[in-house]
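1. next come a sequence and a model predicted from it.
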Amino acid sequence: MSNLSASSLLAGSWVNMLLYGTELVLGGFYLINARSNVFFRWTLASSLCIDTICTAVVCYNVYLYLILEPQALTSNVQPWTLPATILCTYHAALVEQVFFTCRYWQITRNKLVTLLIVTITASHVAFAWVLGVGLIINPVVSQSGLNLTIVAATLCAATDLLIAITTFHTMRAIKTTFSATQSLLRRISIQSVACGSTTSIFTIIMVSLLVTHNLEPFTVIFDILGRLYTLTILINYICLRKPLAHATNTSEGSSPGGRREREHSIAFGAAHPPRSFTVPVELSTIDELHSIHSIHDLRNPPSPKINTETDSFNAFSRPQKSYSKTFLRHSSSIEYFSAS
């Protein structure tokens, strides 16, 4: 690649290996400590397989340029490693976007927005395939290839932003009287924006560097972009589950059977039967033992202490925004107890 230095190749491969190692550690931690369903396991496995292939290609690319063909650093003829890295990177983005799109669909069942997201996602993957196959057939840098790269990267960044904005708006529109549930929805909305904006910003920076012919920083971002997409999935898996596990553990008391009756609540006054709220299955952290306790609590709720404060609260409460039947069908019931 013209005007490409050995230092940028080495820097890109080192940062890529660092992020890839972080993926393996977080992925192993998640699989050991979480009870994920088939969809989440396959999503994680697909991402790790794609990143393993891409990491191997990046390392071989360094070996090719620095050991086998050092003269290729000043040539416009591209080896097979470039289209392979392009396809791996955009397919890593595809897996991440499918994950967030499925979450949005399970919550809202909004066909129009989901179809729009799917269309844009398929479009940038199609452009990536056209670019990759074109480089295999004619491995020479051209203006048409540059234009395809800009279009594919722009569509990819637009998809990330669209998913983040729609998810944020949906989570903020849900209202509930339970502080734990409201905190959960707030975390989902914040992390959606954070993950979507991070990947889109790096993609836009990469395209800007390519257009301005700053190939050295472009190479570093280009090598690690796929790992950033996978890390956003892992961060969502781990960070969104930890607070829920904490909320579930704090709901258990030191009394026999792991259940404690609350005598007083800052939010609701006197003790009252536990309330439930449905959240997507992927966010559930209740293991088998906690599920048994929750079912036992539902069947044998603690006797509430009657006072005027509780009665006035129940009388003041009004029904919240209803959820679709499909949302309830794809959700699990998690018990949240008010903190004393």
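-> Right, received. Where do you want to start? Quick caveat, the model's predicted, so the values are computed rather than measured.

2. give the buried residues for the strand or helix carrying Phe40.
-> The secondary structure element spanning Phe40 is helix 38-63 (assigned by DSSP states H and E). Taking 16 or more other Cβ atoms under 10 Å as the neighbour-count basis, helix 38-63 is seen to contain the buried residues 40, 43-44, 46-48, 50-51, 53-55, 57-62. The way it works is simple: take the backbone N, C-alpha and C, and place the C-beta from them, glycine included.

3. repeat that for stretch 71-87.
-> With the criterion 16+ other Cβ under 10 Å, stretch 71-87 contains buried residues Ala72, Leu73, Gln78, Pro79, Thr81, Leu82, Pro83, Ala84, Thr85, Ile86, Leu87.

4. for stretch 190-201, same thing?
-> Judged by neighbour count using 16+ other Cβ under 10 Å, the buried positions of stretch 190-201 are Gln191, Ser192, Val193, Cys195, Gly196, Thr198, Thr199, Ser200.

5. now the two most distant members of those.
-> Using Cβ to Cβ, the pair of the buried residues of stretch 190-201 lying farthest apart is Gln191 and Ser200, separated by 14.6 Å.

6. could you check how far the nearest residue to Ser192 once chain neighbours are set aside is from Ser46?
-> For Ser192, ignoring the flanking residues on the chain, the nearest one in space by Cβ to Cβ, 6 or more residues apart in numbering is Thr167 at 4.0 Å. With distances taken as Cβ to Cβ, to the nearest Å, Thr167 is found 21 Å from Ser46.

7. which one of the buried residues of stretch 71-87 is nearest to Phe99?
-> The closest of these to Phe99 turns out to be Leu87 (Cβ to Cβ; 19.0 Å).

8. can you give me the neighbour number for the closest residue to that closest one other than its chain neighbours?
-> In space, and not counting its chain neighbours, Leu87 is closest to Gly132: 4.7 Å by Cβ to Cβ, 6+ apart. The local packing of Gly132 (other Cβ atoms under 10 Å) involves 21 other residues.

9. and Gly132, how far from Ala84?
-> The gap separating Gly132 from Ala84 is 8 Å, by Cβ to Cβ.

10. and the buried residues of stretch 190-201, which of them are in helices?
-> Among these, the subset assigned to helices under DSSP state H consists of Gln191, Ser192, Val193, Cys195, Gly196, Thr198, Thr199, Ser200.

11. contacting residues around the fourth one?
-> What that stands for is Cys195. Phe100, Asp160, Ala164, Thr232, Ile235, Asn236 (Cβ atoms under 8 Å, 6 or more residues apart in numbering).

12. need the contact list for Val57.
-> If you count contacts by Cβ under 8 Å, 6+ apart, Val57 has them with Thr81, Ala84, Thr85, Cys88.

13. sorry, that was for Val140
-> For Val140, the contacting residues are Asn76, Val77, Gln78, taking Cβ under 8 Å, 6+ apart as the criterion.

14. surely Glu96 and Leu231 touch.
-> No: the criterion here is Cβ atoms under 8 Å, and Glu96 misses it with Leu231 at 9.2 Å.

15. who has more neighbours, the two?
-> For Glu96 and Leu231, the more surrounded residue by other Cβ under 10 Å is Glu96, and the numbers stand at 27 against 23.

16. how about the more buried one, secondary structure?
-> helix (DSSP: H, G, I helix; E, B strand; the rest coil).

17. just the element for the nearest residue in space to it that is not next to it in sequence, please.
-> If you skip the residues right next to it in sequence, Glu96 has Tyr229 as its closest partner in space, 4.2 Å away by Cβ to Cβ, 6+ apart. According to DSSP H and E, Tyr229 maps onto helix 215-250.

18. circling back: before we move on, which element is the residue nearest to Ser192 in?
-> Assigned by DSSP H and E, Thr167 falls in helix 143-173.

19. quick one: list the elements packing against that helix.
-> Applying 3 or more Cβ pairs under 8 Å, 6 or more residues apart in numbering; DSSP states H and E, one finds that helix 143-173 makes contact with helix 81-108, helix 111-137, helix 179-211.
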